[in-house]
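Chemist: Okay, predicted coordinates and the sequence, questions at the end:
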Amino acid sequence: MKTLLKSSVAAILLATVVGSFPAAAQMAYPEKCKSDMAKPGDTAMQGHEMSMPEMTDYQKDSMDGMKMMNMNMMQGMMKKDPDVSFVCGMIAHHMGAISMAEVELKHGDNAEAKAAAQKIIDDQTKEVEELTSWVDKEVK
């Protein structure tokens with residue numbers, strides 16, 4: 001029951017975080033990149049809980065994005081084909097960069113940093129779309 005409650009809370013928090021970011025909400029990690037080694041919500045893939053009361057909102061948002069990136073990257077890297085493993089790992093990596101940039105847009109104050117964040121979102125979103133197309137075409 002405790003694990004079910006933790007999984008439910010984690011799913012709600014993840015949906016809230018992802019839903020608050022425009023680019024992340026439009027992208028999903030490709031199903032063909034996911035491995036059977038673990039499913040979202042499994043505690044083995046989540047690592048240690050890093051949320052601490054003294055963390056700022058931007059730190060919490062950053063950590064949430066990093067957790068999702070790490071989980072997806074580990075799943076992608078478990079693919080047997082090295083090309084698929086590379087592409088799926090890069091998709092997760094780029095989605096992590098997008099998440100970080102979205103945190104900057106949401107919480108940052110510096111115009112140059114925000115402009116860099118927007119450029120990262122634009123560039124990395126295009127790359128995720130291109131790599132996802134490759135996965136859709138090449139992975140059986």
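Modeler: Arrived safely.

Chemist: For the rest of this, base every contact and every neighbour count on C-alpha atoms.
Modeler: Fine.

Chemist: average model confidence for stretch 97-117?
Modeler: Mean pLDDT, stretch 97-117: 96.

Chemist: same check, this time on stretch 130-140
Modeler: 95.

Chemist: Name the nearest residue to G96, ignoring sequence neighbours.
Modeler: M69 (5.1 Å; Cα to Cα, 6 or more residues apart in numbering).

Chemist: Is that neighbour in contact with I98, as I believe?
Modeler: No. Using Cα atoms under 8 Å, M69 is not in contact with I98; the gap is 10.1 Å.

Chemist: just checking, what packs against the longest helix seen in the chain?
Modeler: In the chain, with assignment by DSSP state H, the single longest helix is helix 111-138. Judged by 3 or more Cα pairs under 8 Å, 6 or more residues apart in numbering; DSSP states H and E, the packing partners of helix 111-138 are helix 82-107.

Chemist: between the helix or strand harbouring M73 and helix 82-107, how big is the angle?
Modeler: Under the criterion of DSSP states H and E, M73 resides in helix 57-77. Helix 57-77 and helix 82-107 meet at an angle of 170 degrees, taking axes from the mean of the first three to the mean of the last three Cα atoms, to 10 degrees as the criterion.

Chemist: What angle do helix 82-107 and the longest helix of the chain make with each other?
Modeler: Counting by the same axes, to 10 degrees, helix 111-138 points 150 degrees away from the direction of helix 82-107.

Chemist: C88: what's it in contact with?
Modeler: Residues counted as contacts of C88 (Cα atoms under 8 Å, 6 or more residues apart in numbering) are C33, M73, G76, M77, L131, V135.

Chemist: what about M69 and I98, which has more around it?
Modeler: Ranked by neighbour count (other Cα atoms under 10 Å), M69 and I98 place I98 first, with 26 against 22.

Chemist: hang on, isn't that one packed against A116?
Modeler: No. Counting by Cα under 8 Å, I98 does not reach A116; the two are 11.2 Å apart.
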